[in-house]
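**Student:** Following is a predicted model, sequence given first.
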Amino acid sequence: MFAAGAIAEEDKLDRAETGRVLRRSLQFAQPYRRTIWWAIGLVCMSTTCTLAGPVLVKFGLDHGIGSDNARALNIAVAGYVLVVIIAYFVGRGQYLAINRAGEGFLRDLRVTVFDKLQAQSMAYFDRNKAGVLVSRMTADIESMGELIQWGLLQFVGAGLLLVMTLILMTAMSWQLTLMVVLFVAPVLGVASIRFQRQSNAAYLDVRERVGTNLSNLQEGITGVRVIQAYGREAEQERRFVVTNRALYGSHLHSVKVSTWYFGLVEWSGIMSIALIVGVGGFLVHHGSVKFGTVAAFVLLLANLFDPVQQLSQLYNTVQSAAASLHKLYALMDAEPDVAEHPRPVQLPSEGELVAHAVTFAYDGTERPALHDVSLGVKPGERVALVGPTGAGKSTLAKLLSRLYDPTSGYVTYGDVDVRLASLASLRERVVVVPQEGFLFGGTIMDNIRIARPAATDDDVAAALVAIGALERFQEFPEGLDTEVRERGSRLSAGERQLVSLARAALVDPAVLVLDEATSNLDPGTEAVVEQALERLMTGRSVIVVAHRLTTVQRADRIAVIDHARLVEIGTHDELMALGGKYHALASAWARSQPVIDPSAGR
Amino acid sequence: MVKRSGRASSTPGAGGWALLRAVLAEQKFGLIAGMAVGLAWSAGKVTVPKLTSLAVDRAILGNGSLAFWASLIAVMAFIAGIFTAWRRWFAFRESRLTETKLREQLFAHVLRLHVGYHDHTQTGQLMSRASSDLLQIQGFVVMIPITASNLAMVMAIVVILFVQQPMLALIALAPLPFLNVLATRFSRRIHPAVLAVQQEQAQLATVVEESVSGVRVIKGFGAHEVTANRLRKEADDIRTVSLDAARVRSSFLPALDLLPNLGLLAVLAIGGHRVLNGSMTRGQMLEFMQYIGLLIFPLRNLGMTVAFGQRAAAALLRVNEVLTTAPAVADPKAPVTLPEGGAVGAVRFEHVTFGYSADSPVLREFDLTIPAGASVALVGGTGGGKSTVARLLIRFYDVQSGCIQLDGVDVRDLSLRVLRQEVSVVFEDTFLFHDSVGANIAFARPDAPQADVEAAARLAGAHDFILELPDGYGTVIGERGYSLSGGQRQRIALARAIVANPRVLVLDDATSAVDPSKEHEIREAMRTVMDGRTTIVIAHRPGTIALADTVVLLDDGGVAATGTHEQLLATNERYRVVLAALAADDDVEEAVS
């Protein structure tokens, strides 16, 4: 049985939306239209073959056996053989055609949605949860894959078979067909619609409870140390049993829903035979139908019942696939808000990076995260941004590197508005080094090269030399070709940061924007990272979101950000003399510092 | 049949099947009921073609009563309808019950497995034991009553056909065993293909996850091309393996659909001529055709059952492996009780040697005596064994040699529950449950009165911020709830330990994420908590270290020096170096806010 899909009420599409999804899909499937026509043709042929069997049996019974005509019987047999052979090849063909078109469609969808996703701005990624974005690209598309592999053929085939069987039956005996339809249609029709609704609700309930149960399970496993530390195993077990039994109850409910339906289908199938035998026999007695027709009806009944069952089971799945497509198309239609200018200019190789009265508010927030801040960073100058958490330091760094565009005001580099610059030239001039070294799957070499895909192995090595970290990685058994995700070769936090710095060195930008790491490194690595950073900063403009006093003291100027505003700017000595915010920050900091000096106490 | 196919594939993993047998033995009534109603269904179902045939020959083509025969068939419709529903109900109910009970067994067992086991086992693996593996087992159990009645039906039909027309039966039924063979082979071939598709999908998911979580790097360097190319490759791979799977389907499914037609064809060709020469009636011919139609589904199903059984066997093996792993740290056979009254909470480490792997000890011949009610700060470099002391004390691990005593009793002679009630460790890495703040604090003592919970929260410096949460103590926190800062989480974890009211309290870097200004407040409160209670403090902020009466400097797996903070600061070079290294990472930001 096909795994029943389910769809929440709020995800259901109305008629107009369904129409749009369908038109858009047809448009998207353009490259595969020949394969699709083949698939449609083959499905029609296959349905015809399925129906030909009982027809040939009827022919054999009526014209062969009924008329004592052995030749007609042989014709029927030969025809049947031919139908079986054709049906086999048609069957293979339709699977291949549908899958070829379907998988091609999905492949294009994956690539297009991903490209569109990557084109979105940083703000978009802040706004949308990572999990949701990933599930668009995975769960949503995969559910459609399942539909294509199993369901689409059945859905189309079942509908076609139902219609063609009815036509055929009517042609053979309209009276008998009317009897069957009058009996079957109300019972099975109403039951199928009810079943489809109930099973949808039951399945949604099961899915939700599976989710809850799994999170409880996971919480128990990840929290096992705390549970054991307090000896609460028995209580946790009791809690788990509650949700686990609730899931069991939910499963039982969904079985109940399907149980009566399957019983009813079985009942109406055999009842129809009784009806055909009774009414058909009556008609045979009166000479209005031949016996072969009655036999054919008995054999054709399966063609009526199977499709109805399949359609009612697949209906939810098709609906949820349509809803998935709708979401994906919405994602594809979203215009990126930090986009490249249509006629981008190149940035000069050197220049001052200036924020001109920039204000920025995150989406959905009233209060600006940064308010009317102006700040210039001269070539080779080092500026430290300090201030309490959430004051707007990181936001300023993001605006300066055009990860966001300001709500008002603007940012220039060498007197060119960065919004007019080509993204490529901007990324060559201004490089942001994130707080933690994020690693992608692949080797250390691949990970550094991500900053400049065209770089040669020597370029990468040179970048590592520039920050003095080449030896560190060459010591690895597989050197720079070490796979970072493989077991046992996990890079330490410090090594990750070195990779991150090497990326920046590979680009060799004029301006570095750093978000200093808050996490602690072991003292040995700390020194290496510190040194690499110093070498990287030499000769460049640096904007650093600072967390450490040493970093602050090494800066040429310090900008104090508080409550979204730039409140003080100057050298360490100037600001200390000023006796304002910075003075307070620095003294509070000094108080909490341990009064230890390795040389003290001698 | 079921049992036999099970045994055949279970030679390496007899334990897995033994596990299933044990669980199913508890459910034997439900399973027997399922098989009984299944047999009733088979009986009803098998009668229909026979009745149809008699109706044709006696009533349609003869002079019998149409109404009589038609109503007989109608009766069978009720029987088959009711019993097929019941069969389905029992089959699914029992299989879900098996799944549910096994999941509870797994959860209970995993909760009690030693911490060393969890260190080496990924959460995801245990999760998949308790979800996808159990689903495979459920899928097999559901087949047991269904397959039993299907088998009965197949045998009944074969007998009926052979008794009537042995030769025709032989020829008509000849293609049908292939249906079973083909279905089995199909299941076997499609399974790896489906796994390959899942694997490729997982790889694509990795690329997408990386691109989303590493978006700062990608944006920062404008590296879209690189990830886009990776994704394109994965999307192409998915298409390739999906089409491989489609090819397997395309070569089996049409054949499965068409095989029964060969039987029908034989009946039409041979039976037709027999009817012509009078050795068979037309009703019998229709009967043959109907019977062959009835055989299609059960035979395909048998093939699936075999394949499901093989998958279930593998799953059972994996589940059983977890269930048969004995906890390395367990209750002693005859637990000793702790002495009551007087000064309690004396801790003694005697010649303790321990390492996470046998050949690299973290503690070597470690000796430490903490008198009842005293407080000790452990100071040492990263990896020096400070946290290990805490973990050994509550028996997260057992010592390799030497012994640890609590109030003169070897910790291995105490029941785990008692030991862990009397020793509370607050870890740096706080884990809170998806539950209310109040329930999280009262974790160790769920029946603790609200006053105790609030008192503990006050001592931990958490009361004020808790009151500011949307629902105060009722606010649901945890991964899916309200998110707290690291410092807030640590303060709740601290309150949780205070509520437990243990003899010995161990604070393992428990306030590292708390703002230094706030930590100052907690420090005052902590003095109250520590007063008269044995406390081990692992910290790197001098203010916190100074809370303890004595400081013990750990180095190279043993005690390097003992004394007060001031003494060591004044006399010990190594102590100063370690403290300086530990303190270097305190930052401006914390000092400010």
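**Tutor:** Good, I have the coordinates.

**Student:** Quickly list the domain ranges of chain B.
**Tutor:** Domains of chain B are assigned by automatic domain parsing as B:12-323, B:347-592.

**Student:** which stretch in these is the model least sure about?
**Tutor:** The minimum mean pLDDT among these belongs to domain B:347-592 (a mean of 84).

**Student:** Which stretches in the stretch 351-500 of chain B count as helices?
**Tutor:** B:386-393, B:416-422, B:437-441, B:450-459, B:463-468, B:486-500 (DSSP state H, counting those that start in this stretch).

**Student:** Toward the C-terminus, what is the element adjacent to the longest one?
**Tutor:** If I follow you right, that is helix B:486-500. strand B:504-508 (DSSP states H and E).

**Student:** buried ones in that following strand?
**Tutor:** Neighbour-count burial for strand B:504-508, counted by 16 or more other C-beta atoms under 10 Å in any protein chain shown, picks out B:504-508. For every residue, glycine as well, the C-beta is placed using N, CA and C.

**Student:** Show residues contacting it.
**Tutor:** Residues outside strand B:504-508 that contact it (C-beta atoms under 8 Å, 6 or more residues apart in numbering or on different chains) are B:345, B:347, B:386-387, B:390, B:393-394, B:406, B:422-428, B:494, B:497-498, B:529-530, B:533-539.

**Student:** restrict those residues to contacts with chain A.
**Tutor:** Near chain A, judged by C-beta under 8 Å from any C-beta of the partner chain, the entries from those are B:394, B:424-425, B:427.

**Student:** Give the other helices and strands that the helix or strand encompassing residue A:241 contacts.
**Tutor:** Using DSSP H and E, residue A:241 sits in helix A:233-275. Here helix A:233-275 touches helix A:174-222, helix A:291-333, helix B:28-54, helix B:66-112, going by 3 or more C-beta pairs under 8 Å, 6 or more residues apart in numbering or on different chains; DSSP states H and E.

**Student:** Would you convert these into JSON lines that also reports mean neighbour count and distance to residue A:156?
**Tutor:** Shown next, in JSON lines, are these (neighbours: other C-beta atoms under 10 Å in any protein chain shown; distance: least, C-beta to C-beta, whole Å):
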{"stretch": "helix A:174-222", "mean neighbour count": "17", "distance to residue A:156": "18"}
{"stretch": "helix A:291-333", "mean neighbour count": "21", "distance to residue A:156": "10"}
{"stretch": "helix B:28-54", "mean neighbour count": "20", "distance to residue A:156": "30"}
{"stretch": "helix B:66-112", "mean neighbour count": "21", "distance to residue A:156": "28"}
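
**Student:** Which of the ones you listed sits closest to residue B:252?
**Tutor:** helix A:291-333 (19.0 Å; C-beta to C-beta).

**Student:** Which ones among the ones next to chain A among the contacts of strand B:504-508 lie within strands?
**Tutor:** Mapping those onto strands (DSSP state E) picks out B:424-425.

**Student:** Now a PyMOL select for only the buried ones of the ones next to chain A among the contacts of strand B:504-508.
**Tutor:** Entered in PyMOL, the line below selects the buried ones among those, by 16+ other C-beta under 10 Å:
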select buried, chain B and resi 394+424+425+427
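
**Student:** In CSV: the ones next to chain A among the contacts of strand B:504-508, plus distance to residue B:257.
**Tutor:** Listed next are these as CSV, based on distance: C-beta to C-beta, whole Å:
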residue, distance to residue B:257
B:394, 63
B:424, 66
B:425, 64
B:427, 60
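
**Student:** out of the ones next to chain A among the contacts of strand B:504-508, which one sits closest to residue A:457?
**Tutor:** Of these, the one sitting nearest to residue A:457 (C-beta to C-beta) turns out to be residue B:427, at 43.6 Å.

**Student:** list the buried ones in stretch A:351-358?
**Tutor:** A:351, A:353-355, A:358.

**Student:** Could you confirm whether any residue of that stretch contacts chain B?
**Tutor:** No: Stretch A:351-358 does not reach chain B (C-beta under 8 Å from any C-beta); its nearest approach is 15.2 Å.

**Student:** any idea how far that stretch is from the chain center?
**Tutor:** 37 Å (C-alpha atoms, centre = their mean, to the nearest Å).

**Student:** how about that stretch as CSV, C-alpha atoms only?
**Tutor:** In CSV, the C-alpha atoms belonging to stretch A:351-358 read as follows (Å, rounded to 0.1, in the frame of the first residue of the first chain):
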residue,chain,number,x,y,z
GLY,A,351,40.0,53.6,-0.6
GLU,A,352,38.2,54.7,2.5
LEU,A,353,35.2,52.6,3.7
VAL,A,354,32.7,55.0,5.0
ALA,A,355,29.2,54.6,6.6
HIS,A,356,27.2,57.7,5.9
ALA,A,357,24.5,58.2,8.6
VAL,A,358,23.3,54.6,8.4
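
**Student:** picking up where we left off before, can you pick out the most distant pair from the buried residues of strand B:504-508?
**Tutor:** So, the buried residues of strand B:504-508 by C-beta to C-beta: farthest apart are B:504 and B:508, at 12.6 Å.

**Student:** before we move on, back to that, any chance of JSON lines for the helices and strands packed on helix A:233-275, columns distance to residue B:486?
**Tutor:** Shown next, in JSON lines, are the helices and strands packed on helix A:233-275 (distance: least, C-beta to C-beta, whole Å):
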{"stretch": "helix A:174-222", "distance to residue B:486": "17"}
{"stretch": "helix A:291-333", "distance to residue B:486": "34"}
{"stretch": "helix B:28-54", "distance to residue B:486": "50"}
{"stretch": "helix B:66-112", "distance to residue B:486": "26"}
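
**Student:** who touches the nearest residue to residue B:31 once chain neighbours are set aside in this structure?
**Tutor:** Leaving aside its sequence neighbours, residue B:31 sits nearest to residue B:94 (C-beta to C-beta, 6 or more residues apart in numbering or on different chains; 5.5 Å). Contact analysis of residue B:94 by C-beta under 8 Å, 6+ apart lists B:27, B:30-31, B:34, B:141-142, B:144-145.
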